[in-house]
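**Q** Structure of the sequence below:
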Amino acid sequence: MKKLVCITFLLTSLIVSPVFAQEDTSVHIAQFEEDNYDPFVDYSEFEQVTEEEADINFFRNGRFLSLGALLGYRFFTNILGEIYDGGFGGGIFLSYFFDLRFAIQISYFTGDHTFKINENGSEFTGTISVAQTAFDIKYFLNTQNVTRGLASVNPYLIFGLASVNRTSRFDGAEGFSRDSATSFHGGIGIEFPLMRNKMFFGLEGQYQFVQFEDESNELRIDGEDTGVFPKGDIVKFIGSIGINF
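**A** Below is the predicted model of the structure:
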């Protein structure tokens, strides 16, 4: 009888033990699979801290909008520079900042220039008004690694395109002529913060590649040929004053 009980106990142990072992293994496999599909497996606390630091830095030292006025001097190159005098102009601008480095800007700038043409024994004088609406992208350079005295200034690169409208009025001639062109321009600038970064003063230089409709044609004034084939580009030096929001 004792032998029968022992044999029964041994057989029961051999049968039950693999079942438990199989159940324990399946539990570990299921837990491992759940860990692989856990949405928090790839979570990195360092990335979150870095993003928070960038946001805090932008709120403390950055700006969302800048609104201000422009005042500058504009002159022309090539043949246009020979017949058009340089002149002052003014305008307004609005900038929107994506972060501490990139901003987009919309601006309007206008000014008048006198001109004088003396060709083929004839002299023509008058005034032109040049107005432009520009859309620009500004990229501000990092100055954190320069000396402390220059770390607060904001140098930047600017490039974009503009719609340029020209209205010409000739002395002694009736009416006026008007034409337009699209310009592509680029330049460099620098801004100096004022009143604890609430305002700023800026200086900027731009070169504009522009081609008016009559660039390849002889200029005619009041039905007379002038012998002038106007062509050239525009150069601007601009000062700005703005308010930061």
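
**Q** Would you verify that Gly227 is located in a helix?
**A** No. Read with DSSP: H, G, I helix; E, B strand; the rest coil, Gly227 is coil and lies in no helix.

**Q** got the contact list for stretch 217-237?
**A** For stretch 217-237, the external contacting residues (CB atoms under 8 Å, 6 or more residues apart in numbering) are 72-81, 83, 109, 117, 119-120, 122, 124, 130, 164, 170, 172-174, 183, 185, 187, 203-212, 214-216. C-beta here means a position set from N, CA and C on the backbone, and glycine is covered the same way.

**Q** Recalculate using a threshold of 6 Å.
**A** 72-81, 117, 119-120, 124, 170, 173, 205-210, 214-215 (CB atoms under 6 Å, 6 or more residues apart in numbering).

**Q** tell me which residues of it are tucked away?
**A** By neighbour count with 16 or more other CB atoms under 10 Å, stretch 217-237 contains the buried residues 219, 221, 226, 228, 230-236.

**Q** Below-threshold pLDDT in the chain: ranges please.
**A** Along the chain, segments meeting pLDDT under 70 span 1-62, 120-121, 143-151, 175, 222-223.

**Q** Please enumerate the strands of it.
**A** 65-76, 87-97, 102-119, 122-140, 154-170, 176-194, 199-209, 220-221, 224-225, 234-244 (DSSP state E).

**Q** what's the fifth one packed up against?
**A** It refers to strand 154-170. strand 122-140, strand 176-194 (3 or more CB pairs under 6 Å, 6 or more residues apart in numbering; DSSP states H and E).

**Q** can you dump the C-alpha coordinates of stretch 130-144 into CSV?
**A** This file holds the C-alpha atoms of stretch 130-144, laid out as CSV (Å, rounded to 0.1, in the frame of the first residue of the first chain):
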residue,chain,number,x,y,z
VAL,A,130,9.5,104.3,-56.2
ALA,A,131,7.4,102.3,-53.7
GLN,A,132,7.9,98.7,-52.7
THR,A,133,6.1,96.1,-50.6
ALA,A,134,8.5,93.4,-49.5
PHE,A,135,8.2,89.9,-47.9
ASP,A,136,11.4,88.9,-46.1
ILE,A,137,12.9,86.1,-44.0
LYS,A,138,15.3,87.1,-41.3
TYR,A,139,17.9,84.8,-39.7
PHE,A,140,19.5,86.0,-36.5
LEU,A,141,23.1,84.9,-35.8
ASN,A,142,24.1,83.4,-32.5
THR,A,143,26.3,85.8,-30.5
GLN,A,144,26.5,83.7,-27.3
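
**Q** So for that stretch, what gets flagged as buried?
**A** Of the residues in stretch 130-144, those buried (16+ other CB under 10 Å) are 130-132, 134, 136, 138, 140.

**Q** Mind putting those residues into CSV with distance to Gly89?
**A** Listed next are the buried residues of stretch 130-144 as CSV, based on distance: CB to CB, whole Å:
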residue, distance to Gly89
Val130, 8
Ala131, 9
Gln132, 9
Ala134, 13
Asp136, 17
Lys138, 20
Phe140, 25
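
**Q** which one of those residues sits closest to Asp179?
**A** Taking CB to CB as the measure, Asp179 lies nearest Val130 of the buried residues of stretch 130-144, at 10.7 Å.

**Q** What residues are bridge-paired with the closest one?
**A** Gly111, Arg166 (DSSP bridges).

**Q** and what of the one 10 residues further on?
**A** Beta bridges link Phe140 to Tyr156 when assigned by DSSP bridges.

**Q** Just confirm it contacts Ala103, I think it does.
**A** No. Counting by CB atoms under 6 Å, Phe140 stays clear of Ala103, with 7.4 Å between them.
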